[in-house]
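Chemist: kindly generate the corresponding structure for this input.
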Amino acid sequence: MPDLSQAPAWTAIFLGLFALFAGIGELRKPGHWHALIGEIVESPALQMITGLLELFLGAVIYLANPWASPDWLSSLLSVVGGLMCIEALVVLAFSDVYLAFWVRRFGPLSKLWCWTSIVLGAAFIVIGGLHF
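Modeler: Below you'll find the predicted structure:
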């Protein structure tokens with residue numbers, strides 16, 4: 001049986017790196033997230049691929065970080081993975097409504113989302129690093 005005792009720390013670090021650098025990328029080139037979601041709205045193939053990828057990643061995070069753990073980070077990441085799975089299923093079934101909701105949020109609130117992503121990403125990296 002594999003040793004998953006450090007899975008929460010590594011999961012937090014990699015999620016944090018993704019969020020941090022995605023936020024930095026959007027700050028460098030504003031409008032990319034809006035364009036990305038717009039492209040997904042226009043393409044049924046991208047909707048399916050996005051839903052499948054998020055479902056897969058959410059399931060991996062959920063399964064690698066047990067809910068019933070004395071480690072609070074593992075429990076938190078289990079919730080994050082579960083929410084990712086739910087969002088993936090919503091994208092697969094209701095992409096027209098759900099993605100239209102997000103397209104309206106990224107125009108006027110773009111900088112807020114960027115900074116939220118950067119701050120959460122940095123927090124996950126620090127928390128993951130301190131968890132070893």
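
Chemist: going forward, measure contacts and count neighbours with C-alpha atoms only.
Modeler: OK.

Chemist: any idea how far stretch 54-64 is from the chain center?
Modeler: 11 Å (C-alpha atoms, centre = their mean, to the nearest Å).

Chemist: just the C-alphas of that stretch, formatted as CSV.
Modeler: Coordinates of each C-alpha in stretch 54-64 appear next as CSV, following Å, rounded to 0.1, in the frame of the first residue of the first chain:
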residue,chain,number,x,y,z
GLU,A,54,-11.9,18.5,-13.7
LEU,A,55,-13.7,15.3,-12.7
PHE,A,56,-10.6,13.3,-12.9
LEU,A,57,-8.4,15.8,-11.0
GLY,A,58,-11.1,16.3,-8.4
ALA,A,59,-11.5,12.5,-7.9
VAL,A,60,-7.7,12.1,-7.5
ILE,A,61,-7.6,14.9,-4.9
TYR,A,62,-10.6,13.5,-3.1
LEU,A,63,-9.2,10.0,-3.0
ALA,A,64,-5.7,10.9,-2.0
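
Chemist: which helix runs longest in the chain?
Modeler: helix 72-106 (DSSP state H).

Chemist: so which elements touch it?
Modeler: The contact analysis (3 or more C-alpha pairs under 8 Å, 6 or more residues apart in numbering; DSSP states H and E) places helix 72-106 against helix 7-28, helix 32-42, helix 44-64.
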